[in-house]
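Undergrad: got a structure for you, letters missing:
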């Protein structure tokens, strides 16, 4: 049986939007180790399934696909985001806790 991972990717650190982190992804675990190509020196593998990345709108849809295709799968739960809500004016507050304010 082929092993697959179902997960929700984290937000891209280079952009503030979350458009690419809404879908659930299904990727395959490598079935064979990578080897160095003797001619070019690149890493290569005979397993082409590790190049596949499927996206689904819901976790249930990804699980249904894995069960329909008879895949052994592992569902990884997404971590909750820790958001610190503050405004620009908090940088100049006289009640700041972080360090001494000198102006």
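TA: Right, received. Where do you want to start? Please read all numbers here as calculations on a predicted model, not as lab measurements.

Undergrad: which residues in this protein form helices?
TA: Using DSSP state H, the helices of the chain run over 59-68.

Undergrad: so, low pLDDT: which residues of it?
TA: The model of the chain has pLDDT under 70 over residues 1-2, 20, 98-103.

Undergrad: what about 90?
TA: Residues of the chain that meet the criterion pLDDT under 90 lie in 1-2, 9-23, 29-35, 37-52, 78-103.

Undergrad: which residues touch stretch 61-78?
TA: Stretch 61-78 has contacts (C-beta atoms under 8 Å, 6 or more residues apart in numbering) with 1-8, 10, 24-26, 54, 56, 59. Backbone N, C-alpha and C define where each C-beta goes, glycine included.

Undergrad: start to end distance for it?
TA: 16 Å (C-alpha to C-alpha, to the nearest Å).

Undergrad: could you do stretch 6-13 as well?
TA: Termini of stretch 6-13 sit 21 Å apart (C-alpha to C-alpha).

Undergrad: go through it and flag the buried ones.
TA: 6, 7, 8 (16 or more other C-beta atoms under 10 Å).

Undergrad: and which of the contacts of stretch 61-78 is nearest residue 88?
TA: Closest approach between the contacts of stretch 61-78 and residue 88, by C-beta to C-beta: residue 10, at 26.1 Å.
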